[in-house]
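K.L.:
fold the following for me, if possible:
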Amino acid sequence: MKKIFYLTAILFLGVSISLQAQDPNTPAPAPTGDEPEIKFEKTVHDYGNIMRGDNGSCEFKFTNIGKTNLILTNVRSSCGCTVSQWPREPIAPGESSAITVRYNTQRVGVISKSVTVESNAINNQVVLRIKGNVANPPAPAVPVNDENPVVTPN
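P.N.:
Numbering: from 1, shown residues only. Modelled structure (predicted):
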């Protein structure tokens with residue numbers, strides 16, 4: 001029992017010392033001006049009112065307005081209902097590309113989702129949003145058969 005107590009105390013002391021060695025007030029390195037920077041044409045896509053089963057695809061176009069290659073490290077959605085396609089190769093300064101987001105329009109209701117883009121840019125995390133409403137298509141009209149009218153007694 002004493003061994004467990006001493007082992008726990010030593011472990012606690014070691015963790016405390018290592019946490020104090022890390023200064024939380026250390027500022028992030030200052031930008032040098034040579035970093036890549038990502039600029040999106042739009043950060044919100046509004047589908048408006050669409051029908052269940054419609055095309056739920058949209059593109060977010062962006063440009064590297066920085067001075068070095070832009071590398072997207074991760075693109076993740078707020079839920080499993082969006083699928084993102086994004087470039088894995090470096091984007092040179094001045095070059096453009098796009099991220100494709102596909103929403104599953106089989107889910108009826110309000111759309112309010114986000115896609116987080118992480119990169120090596122000075123603005124290293126950008127949140128893109130999709131919104132809209134998916135409705136059920138109107139029921140097909142029942143054809144009227146006038147050949148055999150129903151006669152009701154008076």
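K.L.:
wait, a helix at P140?
P.N.:
No - with DSSP: H, G, I helix; E, B strand; the rest coil as the criterion, P140 is assigned coil and is not in a helix.
K.L.:
next, count neighbours for it.
P.N.:
Per other CB atoms under 10 Å, the neighbour tally for P140 reads 6. In short, each C-beta sits where N, CA and C put it, glycine included.
K.L.:
and the residue positioned nearest the centre of the chain, what element?
P.N.:
For the chain, the residue nearest the mean C-alpha position is V115 (0.8 Å; CA atoms, centre = their mean). Assigned by DSSP states H and E, V115 belongs to strand 109-119.
K.L.:
now the strands: where do they sit in the protein?
P.N.:
Along the chain, the segments classed as strands by DSSP state E run 38-40, 44-51, 57-64, 72-77, 82-85, 96-103, 109-119, 125-135.
K.L.:
mind putting those strands into a markdown table with mean pLDDT?
P.N.:
Formatted as a markdown table, the strands of the chain follow (pLDDT from 0 to 100):
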| stretch | mean pLDDT |
| --- | --- |
| strand 38-40 | 98 |
| strand 44-51 | 97 |
| strand 57-64 | 97 |
| strand 72-77 | 96 |
| strand 82-85 | 84 |
| strand 96-103 | 96 |
| strand 109-119 | 96 |
| strand 125-135 | 96 |
